[in-house]
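> Fold the following and give me the result.
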Amino acid sequence: MRSSLVLVTALLCAASLPQCMRVTDGIEVDVAYQPEATPAQIRTDLGYRVSLDRALIALGQVELIRCDNFVADLLGLFRAARARAHALDTPTSLGEPLVLDLMEGAGTPEYAGTMKPPPGRYCGVRIVGMPADSDAAGLNEKTQEMTEHTVLIEGLVRADGDEVGAPLLVPIGELFERDLRFERPLLFEGPVVQNISIQIDHTSWFDGIDFALLSANAVRQRITENVRSSLQVALPNAEDGF
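Have a look, this model is predicted:
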C-alpha cells in the first residue's frame, strides 16, 4: 500500500484547498479511490445477509475524457476493455495497476497517482478494471490471486431465518470499463491542482440477487455488473473554490 504520509497529505489537501494548494507550474489532477467501510454484515435489497471474509478489486487505469470525446463514446464508440499487462501513464491517464483490499482501511482513501493533462475541458473519466500484473501496488501474499482476477469475493450468505448460511466464493476474471461523467466539466486553462475521488460502494455488489434461485454463474454475472455500477466519481464542492 502507499505510505500513510502520502495518504494523509492528499486527504488534508482535498479538505483544505486552496489553502493547502501546492505550488505547480502546470495542471495536476490527484486521483484517489474511496471505498465504503465494510460492515460486519451487508443486508441486500432482497433481504439476504452477506458476511465478507475477503473483498478484493484490481483497477488498471483511470483516464480523463475530454468533453468532445465523451458524448461520442456514449453514443456508440464503446470499446471493449483491452487486455494489457501494464497500461502506460500518459498526461491524461494513470496506468499503474492497483489492488484494493476492501476489508482493510475502514473506508480510507487510497491515493492512486497524479495526472498532468494539457489545458482543455474534461467531462469525465474512464476506469478500467483488470487483473493485476506482478508489480502492481497492493499486491502481496494475501492478494496474490489478483494476478488472475479483477474481483475476488469470499464469505457467507444467509437468508432470513437461516443461521447456518452457504459459502460464497466469486472469482471474476473479466476486464471491464466504466465511463463516468463529472457533475460539472473541469476546465483547465492554467496551473491548478484538482482532486478526483473514485468511489467504490461494495455494499451494493449483492443487490438484486436471489441466491436461492440463481445459479452460481448467474450470481457471478450479476455481481460483475454490480461491481461496474458501484464505481462513481466525485469532485470537491464547487463552493469550496476549486
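> Let me know whether residue 169 touches residue 156 as I believe.
No. Using CB atoms under 8 Å, residue 169 is not in contact with residue 156, being 10.1 Å away. For the C-beta atoms, the positions are set from N, CA and C on the backbone; glycine is no exception.
> Out of those two, name the residue with the larger neighbour count.
More crowded of residue 169 and residue 156, by other CB atoms under 10 Å: residue 156, with 15 against 12.
> Return the set of buried residues in the helix or strand where the more buried one lies.
According to DSSP states H and E, residue 156 maps onto strand 151-158. Of the residues in strand 151-158, 151, 152, 153, 155, 157, 158 count as buried by neighbour count, 16 or more other CB atoms under 10 Å.
> That one: what's the following helix or strand?
strand 166-172.
> avg pLDDT for that next one?
Mean pLDDT, strand 166-172: 97.
> Verify the stated contact: residue 186 with residue 235.
Yes. Residue 186 is within contact range of residue 235, at 7.4 Å (criterion: CB under 8 Å).
> could you pull out the helices for this protein?
Secondary structure of the chain by DSSP state H: the helices cover 4-16, 67-74, 216-229.
> And the residue of the chain most remote from its centre, how far from residue 151?
Most distant residue from the mean C-alpha position of the chain: residue 161, 33.8 Å away (CA atoms, centre = their mean). Remark: distance between residue 161 and residue 151 (CB to CB, to the nearest Å) = 29 Å.
> next one: residue 162
25 Å.
> again with residue 164
The gap separating residue 164 from residue 151 is 26 Å, by CB to CB.
> Going along the chain, name the strands of this protein.
Taking DSSP state E as the test, the strands found in the chain are 27-35, 42-43, 49-66, 93-94, 98-101, 110-115, 120-129, 151-158, 166-172, 176-188, 192-200, 231-234.
> With distance to residue 138 added, can I get the ones you listed in CSV?
As requested, these are exported to CSV (distance: least, CB to CB, whole Å):
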stretch, distance to residue 138
strand 27-35, 10
strand 42-43, 22
strand 49-66, 8
strand 93-94, 14
strand 98-101, 4
strand 110-115, 8
strand 120-129, 14
strand 151-158, 13
strand 166-172, 17
strand 176-188, 18
strand 192-200, 13
strand 231-234, 17
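> Quick one, which of those gets closest to residue 217.
Closest to residue 217 of the strands of the chain is strand 166-172 (CB to CB; 10.3 Å).
> tell me which residues in that closest one are buried?
Neighbour-count burial for strand 166-172 [16+ other CB under 10 Å]: 168, 170, 172.
> Using CSV, list the CA coordinates for that strand.
C-alpha atoms of strand 166-172 as CSV (Å, rounded to 0.1, in the frame of the first residue of the first chain):
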residue,chain,number,x,y,z
ALA,A,166,-24.0,-21.0,2.5
PRO,A,167,-20.4,-20.3,1.4
LEU,A,168,-19.9,-17.5,-1.1
LEU,A,169,-16.9,-17.7,-3.4
VAL,A,170,-17.0,-15.4,-6.5
PRO,A,171,-13.8,-15.1,-8.6
ILE,A,172,-14.3,-12.6,-11.6
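> other SSEs contacting it?
Helices and strands touching strand 166-172, by 3 or more CB pairs under 8 Å, 6 or more residues apart in numbering; DSSP states H and E, are strand 151-158, helix 216-229.
> For residue 202, which of those is the nearest?
Closest approach to residue 202 among the helices and strands packed on strand 166-172 (CB to CB): helix 216-229, 7.7 Å.
> Give me the helices and strands touching the closest one, please.
strand 151-158, strand 166-172, strand 176-188.
> Next, the buried residues of that helix.
For helix 216-229, by 16+ other CB under 10 Å, it's 219, 220, 222, 223, 224, 226, 227.
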